[in-house]
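Chemist: How does the following fold in three dimensions:
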Amino acid sequence: MRRRAGAVAAVLSVAFMLVWGNPPAGAQEAVLVGAIEARFGAQWLPDGRVEIALQVLSDDGVWGESLLPPKRLLPAGREHSRWLSTSPVALEGAEVRIAARRLADGVVSVALRVRALPGGWGERQLPLRHLLYAGKQPGYWTWSSSVTIAPVWPQVVAFYGHPGVRSMGVLGHGTPAEVAEEIAVWTGHYDRLNGPRGAIGAYHLITGVAQANPTSDGRWLYRLSHDRIAEYVEAAREHGMLLFLDNQIGWSDPLSEVRLLEEFLREPFVHMALDPEFATEPLGVRPGRAIGGITGEQVNDVLRYLSDFVEEEGLPPKILMVHQFADRMLHDRDVIVTQPGVELSIDMDGIGSPRAKLYGYGLYAISEPSQRPAFKLFFDQDNPLMPPEEVLAMDPVPDLIIYQ
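Modeler: The predicted structure follows:
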């Protein structure tokens, strides 16, 4: 599996083509591990055209060589002009477009656009110093201030389950180290097939298991010990993987359960998942007797908490995943308000034929407010199991793939 972290001094592909106009339809999605600092430069040529360049800041704090693609020129003219955008500029696993427009003779404004998941181009980001002034001397470049290209995730391939319980998923089939080997095999399949996007493995660990009998605290929930959770935290760290902590809620409430896991959420590679299927207190029946659900406001509570937590702790963005395969599992989706520092992922969690699963994916995973579509596959219960090639042919391609 290719590593996507590390030095950014060489992240730009020298082979990119800059062409004023629209991006090609088949452009890849932006996937970036670690923030990149970029800046834009301009110089005026004797014939009145403006030449545009790009530099990237290295890990050593030094601006790299100016990248001068073959097609990089704004036409001559003194009038205010419209924004002209380049075709995608290839970073390692990411894509950006440079935008520029002439404001007056000797003045040009520059901006950046980043391809945002699940594939659309984001708004123009103007550097603090985005007006570039230049004289007529050839070779005299002026540069903008830097713009941070925010980190996003490679495709995530996760194995789901609970320690020692084979019937609950593949995490129960071995030790964390043994399961990590299997995750690496499946992650490798996606990594070889999905081009520059890359893939990263993950444990999807059920830490709160709904119970068929009442518990002493009335929550109908068994909580995995913190010592056992810590084993998976350390295994994820050792193997360069992510870790999702999954809670089935029972008769508790989502925010209370997430707060109990705060010490683990301080790790930058640890994320959160909620499974409303077993949240049955509003129905007055034990978990498993009927399909439960949570509300959009309960999701908002968790989103706000995680957003504040990320800011206070200085953490990279968290993912909050919510499983769904029926409308009743997530009431009032329309009231959910996404928050800075948290990516909301709705996972199509149903068992069935590929046709049925793709229908559910369209209903739940790729509709608002989901920001990162997720898709679950069942080794023994799907009929048939979709191979990675078919998963990667989905439109849009899932950002997270979970195997149970």
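
Chemist: Quick check: end-to-end length of stretch 146-166?
Modeler: 51 Å (C-alpha to C-alpha, to the nearest Å).

Chemist: can you pull the buried residues of that stretch?
Modeler: Buried residues in stretch 146-166, counted by 16 or more other C-beta atoms under 10 Å: 146-147, 149, 152-163. Quick note: C-beta positions are derived from backbone N, CA and C, even for glycine.

Chemist: shaky segments in the stretch 51-200 of the chain?
Modeler: 69-70, 78-81, 85-94, 115-122, 134-139, 149-153, 196 (pLDDT under 70).

Chemist: Repeat the analysis, applying 80 as the threshold.
Modeler: 59, 67-72, 77-98, 103-106, 113-125, 128-129, 133-140, 145-153, 195-197 (pLDDT under 80).

Chemist: Tell me if I'm right that L385 and F378 touch.
Modeler: Yes: here L385 reaches F378: they are 7.4 Å apart, a contact under C-beta atoms under 8 Å.

Chemist: can you tell me how far Q248 sits from G208?
Modeler: Distance, Q248 to G208, using C-beta to C-beta, to the nearest Å: 5 Å.

Chemist: err, L74, not the other one
Modeler: 57 Å.

Chemist: ditto for S144
Modeler: From S144 across to G208, the span is 48 Å (C-beta to C-beta).

Chemist: What lies in contact with stretch 251-270?
Modeler: Stretch 251-270 has contacts (C-beta atoms under 8 Å, 6 or more residues apart in numbering) with 207-208, 218-221, 223, 226, 229-230, 233, 236-237, 241-245, 247, 249, 272, 274, 279-281, 287, 294, 298-299, 301-302, 305-306, 309, 313, 315-316, 318.

Chemist: hey, where'd the helices end up in the chain?
Modeler: Remark: helices assigned in the chain by DSSP state H are 176-193, 226-239, 254-259, 262-265, 296-313, 354-360, 388-392.

Chemist: will you turn these into CSV that also has distance to A38?
Modeler: CSV is the format used below for the helices of the chain (distance: least, C-beta to C-beta, whole Å):
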stretch, distance to A38
helix 176-193, 26
helix 226-239, 30
helix 254-259, 35
helix 262-265, 30
helix 296-313, 24
helix 354-360, 37
helix 388-392, 29
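
Chemist: tally of neighbours for V337?
Modeler: Burial of V337 is recorded as 12 neighbouring residues (other C-beta atoms under 10 Å).

Chemist: wait, it sits on V302?
Modeler: No: counting by C-beta under 8 Å, V302 is not a contact partner of V337; they are 11.9 Å apart.

Chemist: on that earlier part again, tell me, what's touching Q248 and G208 both at once?
Modeler: With C-beta under 8 Å, 6+ apart as the test, Q248 and G208 both reach L221.

Chemist: Need the CA coordinates for stretch 236-254. PDB is fine.
Modeler: Presented in PDB, the C-alpha positions along stretch 236-254 are these (Å, rounded to 0.1, in the frame of the first residue of the first chain):
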ATOM      1  CA  ALA A 236      -4.000   1.400  14.600                       C
ATOM      2  CA  ARG A 237      -1.100   3.600  15.400                       C
ATOM      3  CA  GLU A 238       1.400   0.800  14.800                       C
ATOM      4  CA  HIS A 239      -0.100  -0.200  11.400                       C
ATOM      5  CA  GLY A 240      -0.800   3.300  10.100                       C
ATOM      6  CA  MET A 241      -4.500   2.800  10.100                       C
ATOM      7  CA  LEU A 242      -7.600   4.700  11.200                       C
ATOM      8  CA  LEU A 243      -9.900   3.600  14.000                       C
ATOM      9  CA  PHE A 244     -13.700   4.100  14.200                       C
ATOM     10  CA  LEU A 245     -15.400   3.700  17.600                       C
ATOM     11  CA  ASP A 246     -19.000   2.500  16.900                       C
ATOM     12  CA  ASN A 247     -21.800   2.700  19.500                       C
ATOM     13  CA  GLN A 248     -25.200   1.000  19.100                       C
ATOM     14  CA  ILE A 249     -26.700   3.400  21.700                       C
ATOM     15  CA  GLY A 250     -29.400   1.100  23.100                       C
ATOM     16  CA  TRP A 251     -31.500   3.100  25.600                       C
ATOM     17  CA  SER A 252     -28.700   5.700  26.100                       C
ATOM     18  CA  ASP A 253     -28.300   8.900  24.000                       C
ATOM     19  CA  PRO A 254     -25.600   9.500  21.400                       C
END
